[in-house]
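K.L.:
next comes the sequence, and after it the predicted model I'd like to discuss.
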Amino acid sequence: MRAHGDLRGDVQGDLRASRARGTRSRAATAVVIATLAILAGSLPAEAEGVLVTAIGLRGRSDGFAYAWSANHSSARSATEAALAECRKQAERVRVPTSACTVTLNFTDQCVSVVFDPKSGAAGIGWATGPDRVSA
């Protein structure tokens, strides 16, 4: 038969062991969550982009508007944003907003647009690349 003091010591020991297991369990859970967060952050994210252009009715000499939108989670949201901006630009240069059309879709790329801003100039160009210098 155990004495009353021994029983209390066993209960206190069991409580300490239970607390230690709980602490280790919480620590292990925290490590797993932190590891998952790091892995999720290192996964490649798709950065969708789109270039939208609008050329005047009789060509570039009648005006040119463009807009791009990048780093979207979907091509649809990139397109909506670029179309909205192109329409604003088209109104400013008096090009029909209906002329704004998707010219180029890109993923995880940079885009550049070049044109001569002089009135009547005909040259327009665009490109994509893995970085700003390449594009």
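P.N.:
Now that the structure is in, tell me what you want to look at. Everything numeric here is computed off the predicted structure, so don't read it as measured data. Numbering: from 1, shown residues only.
K.L.:
drop to CA atoms for contacts and neighbour counts, all remaining ones
P.N.:
OK.
K.L.:
avg pLDDT for stretch 56-74?
P.N.:
Regarding stretch 56-74, the rounded mean pLDDT is 88.
K.L.:
would you list every one of the strands in this protein?
P.N.:
48-55, 64-72, 101-107, 110-115, 124-129 (DSSP state E).
K.L.:
among the ones you listed, which is the most enclosed?
P.N.:
Stretch with highest mean neighbour count among the strands of the chain: strand 48-55 (a mean of 24; mean count of other Cα atoms under 10 Å).
K.L.:
residues in contact with that one?
P.N.:
62-75, 78-79, 82-83, 86, 90, 95-97, 99-109, 111 (Cα atoms under 8 Å, 6 or more residues apart in numbering).
K.L.:
circling back: save the strands of the chain as CSV, and put in distance to residue 135 too.
P.N.:
Shown next, in CSV, are those (distance: least, Cα to Cα, whole Å):
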stretch, distance to residue 135
strand 48-55, 13
strand 64-72, 14
strand 101-107, 12
strand 110-115, 6
strand 124-129, 4
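K.L.:
where does this protein dip in pLDDT?
P.N.:
Residue ranges of the chain with pLDDT under 70: 1-46, 119-122.
K.L.:
repeat the analysis, applying 90 as the threshold.
P.N.:
Within the chain, the ranges that satisfy pLDDT under 90 run 1-47, 56-64, 113-125, 131-135.
K.L.:
tell me which stretches of it form helices.
P.N.:
Using DSSP state H, the helices found in the chain span residues 4-42, 75-92.
K.L.:
ok, now how distant is residue 66 from residue 128?
P.N.:
As judged by Cα to Cα, to the nearest Å, residue 66 and residue 128 stand 15 Å apart.
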